[in-house]
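Student: one predicted model, sequence on top.
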Amino acid sequence: MSDPVPLGLVATARALAARELSSVELTGALLERIACANPVLNAFITVDPEVSLRQAAAADERIARGDAGPLTGVPVAHKDIFMARGWRTTCASRMLAGFVAPYDAHVIEQFDAAGAVNMGKLNMDEFAMGSSSESSFFGPVRNPWDITRVPGGSSGGSAAAVAAGLVPAATATDTGGSIRQPAALCGVSGLKPTYGLVSRYGMIAYASSLDQAGPIARNAEDLAVLMNLMAGHDRRDATSLARPAEDYRRDLQRTLKGLRVGLPRAYFADGMSPDVRAGVESAIAVLRRLGAEPVEVELPRVELALPAYYVIAPAEASSNLSRFDGVRYGHRAASYGDLADMYSRTRAEGFGPEVRRRILIGAFVLCHGYYDAYYLQAQRVRRLIAEDFASAFEQCDVIAGPTSPTVAFALGAHADDPLQMYLSDIYTIAPNLAGLPAMSIPCGFGVHGLPVGLQLVGNYFTEARMLGIAAAFQRETEWHLRAPAAMTP
Amino acid sequence: MDWEIVIGLETHAQLSTHSKMFSGASIAFGAPPNAQACAVDLALPGVLPVPNRAAIERAIRFGIAVGARINRRSVFARKNYFYPDLPKGYQISQYELPVVEGGTLEIPVGSGTRVIHLTRAHLEEDAGKSLHEDFHGATGIDLNRAGTPLLEIVSEPELGSAEEAVAYARTLHALVRWIDICDGNMQEGSFRCDANVSVRPRGQTRLGTRCEIKNLNSFRFLDLAIRHEVARQIELIESGGRVVQETRLYDPDRDETRSMRSKEDAQDYRYFPDPDLPPLWVDDDWMARVAAALPELPAACRARYQSDWGLSPYDAATLTQSRDLSAYFEAVVHSLGATDQAKLVANWVTGELAAALNRDSLEVANARIGALALSGLLRRIVDGTISGKIAKDVFDAMWTDGAVTPGAADDIIEARGLRQISDSSELESIIDAIIQANPAQVAEVRAGKEKAFNYFVGQAMKATRGKGNPATINAILRARLTA
């Protein structure tokens, strides 16, 4: 049996459909691989072989009955931010360290209905706050390309698991870059869809107006298949958009001839390390060779994205995380005096330092007397940034640039400097503020042989076109086919 | 000193929807603790609020009924504070942009009316309940009520006395039931008031420092709490003290208000627009559909009773206390087919019927005499078959038996032989016999003593066992005795 997993989701599904191997065999093999790799990578918080194998057996029956869909029996793992009934769901926090989800997130329902096998819950930054997956209560995730380095974050477990070939695909979420930045740092492909395309029901909220779920996989076609499953209206999320279903694979074979690729001056200024610049520029050369036409565009106020984000996201988070109060579920301090003491001890113990920092920032910017100067001002900036993108998209079809200013950094490198850590998301935050779709695909290797990611930002609802651009790029290059040597089975 | 009292009311009306403001759980009263708290109400990780269209529609209905502006775009905001019965750690409410702004309510004052202006009405969700008594050394939490839809209706500080505050609350209470947005059940907390009370020397334009009295769930407590609070504030100022802005609780057992928290402890609720909920849009089409479905409003109804049917303002006000009562009244009038008898109907509905309902603690919808049956009874007064006095006996009999058909009164009149004697010759022979038997009284009448005349009327009624037509008896006696 040849191992289809490193080839990706569609290749794996094809092998299962052709009965070249059973889902039980594949699931078993991957569980063994996870058991070997996870003590090092720490990509998974929870694995439950019994449940996964049971799902695999059910999928095999479906396949035997001829009742299989495109993902039946395919192993997929989920970021531990998604509620999955019966599974411990922690958001990588001590606050929920023993919490078993009593219901399924919309995204989980979609995968279950398709017959995908849930391989487990993936590690991440605590409550999705971070860019390195080091803030997890369950310990840091390590980058499969170099285990002394971070995988990026907050969906570091998702990116690391796919990069290491532990699963062909994983779910993730992106509030300010949490899908794209780890995808870039781990050399895999990730898509953050237009805000509202994927239901947030059952996805533990960090910053509700920015959070968006999306897939991480090995290539554009896999992402398209996953989008077909994940996107869709859900009445349980009032921000979910009611749009007709679309086939995200429809532009995969489309030519890039005449495609106008916008290169924002701001994204190519200082700040990008030379190896990342080299990777991104060579990628643009490839796009040009494929018939695309680079145009320079302006995003004059995009430099305000980072400060605006660090007002809006903490403000929403401070309120979203109020429900973790020790009253109904989750961690509660073992001893306390009065009610106020129960709250403060419970929350001081249950939340890690980065989460506490953002809650405090958020509570501060919403305070009477500061609200206008911080929160309202940030919302104004947010509108201006959306306007910047709108005018840029009058001149181009897609925007290209770096995903992350550097390749993967060393564990602990930014431990004492949160601001340095925040700068890691300098290129990824603006699309979240505007609600635009954005993705990262591998486009080369930089210093120490570490992956570099190319970010594509599209106009609203242009995911299919963006996936087509990525697919054309991936037919022309093989960066996405590389796997970390130590992890190659 | 002459003190002016200034009161504004904030009223929470629980909207009569099936499910909660932002979840599908039932809001029925009286379920076992937490039996009606779903994942959203429990604020489990990952759950999201979805606005209840029926609740929004009720808010629009209210706005139209009070002539308010319905904001095309309003915004749900989060009010952040920690409390064990507030599962999310915030309450979803409306802050800067409520769904309803402005509007007026006409309230009865003395023999006239006053127009009270409304500030706003906004949608919000209720909190759960903390049960401090049921558990030793611990507090129980019941989240059945958490998420129940409320319309908070805020008046301008225009009410000048406890009486006016109560009149306002009663009028509002009648209105929300009339337009069917709230069941008005005050014992179950479906309709409760917070009163903002301040006093100032008459003539001073600046408002005095106010205190807010929370959670008054009966008209009586509202009245008592305001009276007590006004007296407390005046006494405090007159003895050289100063009113401190604070929230107070009324204790009906001791008839006093006591401090709950002062302004200094007031929390910063860190309001901000709820990012889980897009702005609420109400388009013209939706408004038009809601307006079209509204019943005639009590104010219009009152005006019509007075102008078309000649009722007094008092009767008109009494009959429009509820839509059921007004509907009952109109059914009787229409069935009687004589709008010139509306006053007679009004007297019976506000008199005998109201008394009987009150005695048996029944709502008009459950009256033991249906509108058609009452109309059948009143028809017999109008056509002279029975007198008003006998009619009361028939009414009592109908009430005891239960009566719904138009012929119910006739059956009793026939069965008991209560038909009025209007036949002149029959009455003349009875009266002649009485006159012959009482020569002394005849002399008194002839001497001009009216009292003696009434004696003969009484004797005639007695002889006919109340069935003699009083008008005919009068006429015969006049003819016989004063000729």
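Tutor: Everything's here; your move. Residues are numbered from 1 along each chain as shown, chains lettered A, B, ... in the order given.
Student: which bits of the stretch 201-350 of chain B sit near chain A?
Tutor: Contact residues (Cβ under 8 Å from any Cβ of the partner chain) of the stretch 201-350 of chain B with chain A: B:268, B:270, B:271, B:272, B:275, B:276, B:277, B:278. Every residue, glycine included, has its C-beta placed from N, CA and C.
Student: what comes up buried for the longest helix seen in chain A?
Tutor: The longest helix of chain A (DSSP state H) is helix A:23-41. Going by neighbour count (16 or more other Cβ atoms under 10 Å in any protein chain shown), the buried part of helix A:23-41 is A:23, A:24, A:26, A:27, A:29, A:30, A:31, A:33, A:34, A:37, A:38, A:41.
Student: so what's residue B:165 up against?
Tutor: B:7, B:9, B:159, B:195, B:222, B:223, B:226 (Cβ atoms under 8 Å, 6 or more residues apart in numbering or on different chains).
Student: could the residues you listed be laid out in TSV, adding secondary structure?
Tutor: Below are the contacts of residue B:165 laid out as TSV (DSSP: H, G, I helix; E, B strand; the rest coil):
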residue	secondary structure
B:7	strand
B:9	strand
B:159	strand
B:195	strand
B:222	helix
B:223	helix
B:226	helix
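Student: any residue of stretch A:44-55 up close to chain B?
Tutor: No - using Cβ under 8 Å from any Cβ, stretch A:44-55 stays clear of chain B, coming no nearer than 14.7 Å.
Student: sketch out the low-pLDDT regions of the chain for me.
Tutor: By default, I'm working from chain A. A:1-2, A:486-489 (pLDDT under 70).
Student: that was the other one, I meant chain B.
Tutor: Using pLDDT under 70, chain B drops low at B:263-265, B:483.
Student: mind checking the longest strand of it?
Tutor: strand B:112-125 (DSSP state E).
Student: if we look at the very next helix or strand once past that strand, which residues are touching it?
Tutor: Counting by DSSP states H and E, the next helix or strand C-terminal to strand B:112-125 is strand B:129-131. If you take Cβ under 8 Å, 6+ apart as the criterion, strand B:129-131 is touched by B:33, B:83, B:84, B:85, B:139, B:140, B:141, B:142, B:144, B:145.
Student: run me through the strand neighbours of strand B:129-131, direction for each.
Tutor: Sheet pairing of strand B:129-131 (DSSP bridges) gives strand B:140-142 (antiparallel).
Student: quick one: whichever helix or strand comes after the strand it pairs with near chain A?
Tutor: Heading C-terminal from strand B:140-142, the first helix or strand you meet, by DSSP H and E, is strand B:149-155. No - judged by Cβ under 8 Å from any Cβ, strand B:149-155 stays clear of chain A, getting no closer than 15.4 Å.
Student: next, the angle from strand B:149-155 to strand B:112-125.
Tutor: 140 degrees (axes from the mean of the first three to the mean of the last three Cα atoms, to 10 degrees).
Student: partners of strand B:149-155, with directions?
Tutor: Assessed with DSSP bridges, strand B:149-155 is paired to strand B:3-14 (antiparallel), strand B:112-125 (antiparallel).
Student: what element comes up after the host helix or strand of residue B:54 heading to the C-terminus?
Tutor: For residue B:54, the host element (DSSP H and E) is helix B:53-65. Next along the chain after helix B:53-65, taking DSSP H and E as the criterion, comes strand B:69-70.
Student: in its sheet, what does that next one sit against?
Tutor: Sheet pairing for strand B:69-70, using DSSP bridges, gives strand B:100-101 (antiparallel).
Student: in the stretch 51-200 of chain B, which residue sits closest to chain A?
Tutor: Per Cβ to the nearest Cβ, residue B:89 is where the stretch 51-200 of chain B lies closest to chain A, at 2.4 Å.
Student: how close does that residue get to residue B:400?
Tutor: 58 Å (Cβ to Cβ, to the nearest Å).
Student: are we agreed that residue A:305 is in a helix?
Tutor: Yes - under three-state DSSP, residue A:305 sits within a helix.
Student: residues from the stretch 51-200 of chain A in reach of chain B?
Tutor: Residues of the stretch 51-200 of chain A lying close to chain B (Cβ under 8 Å from any Cβ) are A:82, A:83, A:89, A:91, A:96, A:99, A:101, A:102, A:103, A:105, A:200.
Student: closest to chain B among those residues?
Tutor: residue A:83 (4.6 Å).
Student: and the longest helix of chain A, what does it pack against?
Tutor: helix A:9-17, helix A:49-65, strand A:75-79, strand A:117-122, helix A:156-163 (3 or more Cβ pairs under 8 Å, 6 or more residues apart in numbering or on different chains; DSSP states H and E).
Student: for residue B:108, give me phi and psi.
Tutor: phi -70, psi 130 (degrees, to the nearest 10).
Student: against residue B:102, how distant is the most centrally placed residue in chain B?
Tutor: Most central in chain B under Cα atoms, centre = their mean is residue B:174, positioned 3.7 Å from the mean C-alpha point. Distance check for residue B:174 against residue B:102: by Cβ to Cβ, it reads 20 Å.
Student: once you drop chain neighbours, what's closest to residue 353?
Tutor: Just going to use chain A. residue A:135 (7.7 Å; Cβ to Cβ, 6 or more residues apart in numbering or on different chains).
Student: wrong one, chain B
Tutor: Leaving aside its chain neighbours, residue B:353 sits nearest to residue B:367 (6.5 Å; criterion: Cβ to Cβ, 6+ apart).
Student: thanks a lot, see you next time.
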